[in-house]
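Q: Below are the sequence and a predicted model for it; my questions follow.
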Amino acid sequence: MLDVVQHNHYLLAAAERGYVAKLNIQENDKVTLVKTPTDAMLTAITLAKDDTLWAVGHEGVVLRSVDSGNSWQLVYQHPNGGVLFDVQFINEQHGVAIGAYGLFLRTMDGGKTWQQEFHDGLLPPEDREYLQALRAQSEEDYQFELASILPHLNRITLVEDKLFVVGELGLLAVSTDSGKSWHRLNFSYQGSLYDVTATRQGIWVSGMRGNLYYIEQQQLTKATSDPAARIKDKKINFPEPVNINTIACNQGACLLIGNSQTVWKLDNSEVIVVDKFKSKSFVSALIVDNKFAYLVGENGFQKLQYAN
Amino acid sequence: MLSKLVDFLQKWIFANRVLIIAVFTVLTFLLGYFASQIKLDAAFTKNIPLEHPYMQTYLEYADDFGGANNILISVCDASGDLYNPEFFDKLKKVHDQLFFISGVDRSTVKSLFSPAVRYTEIVEEGFIGGPVIPADYANTKSDLAKVRRNIEKSGQVGRLVSGDYACAMVTAQLLDVDPTTKKPIDTINFAKTLEQELRQKLQTEQHSIHIIGFAKMVGDVAAGAKNVLMFFVVAMVITCVLVYLFCHSILLTALPILCSVIAMVWKIGLLSLLGFGLDPMSILLPFLIFAIGVSHGVQMINSIGKRVASGAGAKIASKKSFKALFLPGFVALLSDCIGFITILSIDIGIIQELAIAASIGVGVIILTNLILLPLLVSYIHFPHDYESRIESSKMAVLWPSLVKITERKFAPALVLVMLALFAFGWTYSANMKIGDLHAGAPALHEDSTYNQDTFLITEKYEIGVDILSVIAETVPDACTEFEIMKQIDDFQFRLANVEGVQSSISLTSVTKTITAGYNEGNPKWRVLPKDTASMAQSVARVPTSSGLLNTDCSAMPILLFLQDHKAETIERVIDVVKAEKSNYETDKLKFKLALGPAGVMGATNEAVAQAQIPMMIYVYLAVFILCLLSFKSLRATLAVIIPLFVVSTLAQALMTKLDIGLTVYTLPVIALGVGIGVDYGIYILSNMMGKLKQGMKLSEAYRQALIERGSAVIFTGITLAIGVSTWVFSDLKFQLDMGILLTFMFLVNMLGAIFFLPAICRLFWWRR
């Protein structure tokens, strides 16, 4: 299982082989598996404001469910296949899905049609300069190069009116116009980033090998007004050199989930161990009722009780 | 015609008494010498049904993917934490020690100390990796900290290191043939070496050592089988005492026992001469042969004793008894013999050897107890007061009540009771289970060291010995083709979700992990790459020594780690494989059962289940034909066989009730039970038939039969039952099971012959 979302008293997890696992919190955490029309691995699941569930995955599939995840329709499959890693809906009609090699899809009509977009704002300044030079010579070469130069996009997060994207090669970008234009932040880490999440004071970014960063809100504001500004980020000491796949926050509490049997939490900019499991590693988590977290990973769901 | 032959035989034998006894003496010494040369032999291949289709797959791929003959050694630290220098020191010693034990395939010895056990770490620039324990490891605290991190990265937690970090594992596979001596590996000796060189030398308060695997199990069974000798002595003493109480003469006690011992010696000598060895199962047989010998010997001395008591001389009495008993004894023993031979139809080495050994043994009894015994007895000078001693036979008080069974008002009621018992047994026996019903090694008790070690290892590690592999047979280089790999992966997923499958692994699941590794360890990339180049890149990192693919990648096993090896668990998995494999097969891809210890057990269970009904049919057919030939009466034949069948059914019901599964060990007991059980009926009815032919009334014929043979029948039933019931105290679980079943068979068949047989006779000869 690779991602999880809550809908009423259900947890829905995107899983391998085109399955969605549905856990009923009110019924003793009973899990049922729902087969979707695809065999491909589903990598992300999200809930739009109109209670529509969306899931994306390998082979460029976009799936929709309007009945709490009991049945799924394949609404779109990218013609070139490709791998989708995340999906977000800004409102009922307007959604974006992102994935490997800069794959960026947008719908404006509630998922009926999807268009691919290429955003050079996701590239580092030197690549952008190179592309601009190329564009001056040939628009065709520019489009071709843009399509192949883009990094993997791993996660897209919506915080109030801002969209954040993280990805390969230290990509951390922000958009204030629903992802139509992107603003890449000059960030100190150059490895892959896997999650970005925001609290009132600032944003947390996690990546490979225990790389965890905190960026204050004012740094962000500064960066959005001046693209060239080098932002000050704060590296948080992380005890194990594993990929941090997810930062799961709810009402100020944040759990850190990585390629590990250990689960950590953030405690005033410090990372402390919450629990160690004997099962396989985890990919994502969801905090429910501020007392429990449901972790998802290789072994399916794992319930965790923690003191806040 | 038969009686003429017996007449001739009697004349010839009694005319050449000295010669025959001399020949017997010489043969006994000769075969005794060979018997002393017999070896214990417990080769792995003897325990499996080699002709079974699963085993054909097994033999085809055993070289590529390793057989089922592996050994797992877990070293545990009492503190519950293995990260201390002393523990690693001990682990290294265990690893080295195992490496040098002859019989171990050295290339397969695996532990944290093997250079082939590596970790891989993904960094921003790509992969870094190395042996989990680096070459410059010096067993210091800082080295340990490094090893601790490497272990986490190696994915060996649950495999070579227990999930709670208290134990670590050393594993190896055994060779079939010793490369230096070119002889098959002596499993029992190997197990002894493990015990001496590893457990005894290296186990301490701090570090416990747990050893499991087929070879160790056989070793422990063999060690337990040594106690068989003690049971044998106990049973012999009990038998002697009972025989003495029966015949009141030391010489008459000694002779049948002597003849039975001779039968045993001949049997072992002949087996040794034929090149067979004793295995932990057939070691029980000499005792059974002894028991059968005593049973027939008692009939003989009983008959001779009665004749002496009525005034005949020893030689005349022996001659007459020979004439009276040779034919029924011969028929009874021949049907035993054929009963045992039918077990040959089960295609498992140890059972077939058991069948051969048992039929040789019973055949030998014909010579020793039907020929030699009366000859020896004919030399005895009976004391003058022997008559008065024999008259004190206590059992005679039973005869009047037993004779009532043949009365017309009682017989139908008794037959109804029998039918009710049969109906009860039939319904119960329908639930009889095939295979092992308990976790752990079925041959041993649950609290034995071996089974405790098994429970510890299965609890602490994700692996165990209960592995069932399904082989994906496909075209060369199939592991780079997405379509084929996907089918294998989907089938693995299906099987991993069968109840009882703890975990699974195959080339496809490893490839997915590696693919994620090539993508910086991102779990969202844990898929099979669609393009051949990426697939090849990932697969290339898996060496053939992993046992997950053969050299040209045309065969890949799916390894399923089962919770236990209970027959129902294995059957559930195998049923799913059989029912659903065609959904995943293509023109280029076929799935085949089965490798791994659980696969072997699955095949054994199927072989046992398939053999059960044919075996019963053969046994009963043999008994039926022999009875028909000797009695020349269908009614008499049925009167013998019907109670026998009722008892067989009740025995199966007993197995259900006591949770004894039908296994390699218990299946032969059912056939043996029929073979031995028929003796009682034959002795009683052969006597009655003679009287009936002379025109005697049925009740009177039964009374005479009881007087002449009844006490011997009751006596042998009880003696044999007491003898085998001592097996209940055995260290070996299967011996206990066999003991219970044989006790039941001996006792209840005897009861069947004296209660149900006359009642059935009454129905058949209503007017007599």
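A: Okay, I see it. Numbering: from 1, shown residues only, chains lettered A, B, ... in the order given.

Q: now the strands for the stretch 1-150 of chain A?
A: Remark: strands assigned in the stretch 1-150 of chain A by DSSP state E, counting those that start in this stretch are A:3-7, A:10-14, A:19-24, A:30-35, A:42-47, A:53-57, A:61-65, A:73-77, A:84-89, A:95-99, A:104-107, A:115-116.

Q: any weak-confidence spans in chain B?
A: Counting by pLDDT under 70, chain B has low-confidence residues at B:1, B:40-45, B:66-68, B:122-126, B:280, B:384-394, B:463-465.

Q: Would you mind naming what in it lies close to chain A?
A: Contact residues (Cβ under 8 Å from any Cβ of the partner chain) of chain B with chain A: B:121-124, B:163-164, B:486, B:490, B:493, B:520-527, B:530. (C-beta placed from N, C-alpha, C; glycine too.)

Q: Count the residues that sit near residue 299.
A: Defaulting to chain A. Residue A:299 has 16 neighbours, counted by other Cβ atoms under 10 Å in any protein chain shown.

Q: actually chain B
A: Residue B:299: 28 neighbours (other Cβ under 10 Å).

Q: before we move on, what SS does residue B:163 have?
A: Following DSSP: H, G, I helix; E, B strand; the rest coil, residue B:163 is assigned to coil.

Q: I'd like to know which of the strands of the stretch 1-150 of chain A is closest to residue B:397.
A: strand A:30-35 (70.4 Å; Cβ to Cβ).

Q: report the angle between the axes of that closest one and strand A:61-65?
A: In terms of direction (axes from the mean of the first three to the mean of the last three Cα atoms, to 10 degrees), strand A:30-35 departs from strand A:61-65 by 130 degrees.

Q: Just the buried residues of strand A:30-35, please?
A: Going by neighbour count (16 or more other Cβ atoms under 10 Å in any protein chain shown), the buried part of strand A:30-35 is residue A:34.

Q: picking up where we left off before, show the buried residues in the residues of chain B next to chain A.
A: Among the residues of chain B next to chain A, those that count as buried by neighbour count (16+ other Cβ under 10 Å) are B:121-122, B:163, B:486, B:493, B:520-527.

Q: would TSV of the strands of the stretch 1-150 of chain A with distance to residue B:656 be doable?
A: Below are those laid out as TSV (distance: least, Cβ to Cβ, whole Å):
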stretch	distance to residue B:656
strand A:3-7	48
strand A:10-14	44
strand A:19-24	40
strand A:30-35	35
strand A:42-47	48
strand A:53-57	51
strand A:61-65	50
strand A:73-77	52
strand A:84-89	57
strand A:95-99	59
strand A:104-107	63
strand A:115-116	67
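
Q: Just the buried ones among the residues of chain B next to chain A: which are in helices?
A: B:486, B:493 (DSSP state H).

Q: returning to what we had before: okay, the strands of the stretch 1-150 of chain A in JSON lines with distance to chain B next?
A: Formatted as JSON lines, those follow (distance: least, Cβ to the nearest Cβ, whole Å):
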{"stretch": "strand A:3-7", "distance to chain B": "9"}
{"stretch": "strand A:10-14", "distance to chain B": "10"}
{"stretch": "strand A:19-24", "distance to chain B": "10"}
{"stretch": "strand A:30-35", "distance to chain B": "9"}
{"stretch": "strand A:42-47", "distance to chain B": "5"}
{"stretch": "strand A:53-57", "distance to chain B": "9"}
{"stretch": "strand A:61-65", "distance to chain B": "13"}
{"stretch": "strand A:73-77", "distance to chain B": "14"}
{"stretch": "strand A:84-89", "distance to chain B": "6"}
{"stretch": "strand A:95-99", "distance to chain B": "9"}
{"stretch": "strand A:104-107", "distance to chain B": "17"}
{"stretch": "strand A:115-116", "distance to chain B": "19"}
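
Q: looking at those strands, which is closest to residue B:407?
A: Closest approach to residue B:407 among the strands of the stretch 1-150 of chain A is made by strand A:30-35 (67.7 Å; Cβ to Cβ).

Q: Using PDB, list the CA coordinates for the closest one.
A: Backbone C-alpha positions of strand A:30-35 (Å, rounded to 0.1, in the frame of the first residue of the first chain) are rendered in PDB as follows:
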ATOM      1  CA  LYS A  30     -12.200  -4.500   8.900                       C
ATOM      2  CA  VAL A  31     -10.400  -4.300   5.600                       C
ATOM      3  CA  THR A  32     -11.900  -5.100   2.200                       C
ATOM      4  CA  LEU A  33     -10.000  -5.100  -1.100                       C
ATOM      5  CA  VAL A  34     -11.600  -3.300  -4.000                       C
ATOM      6  CA  LYS A  35     -10.400  -4.200  -7.500                       C
END
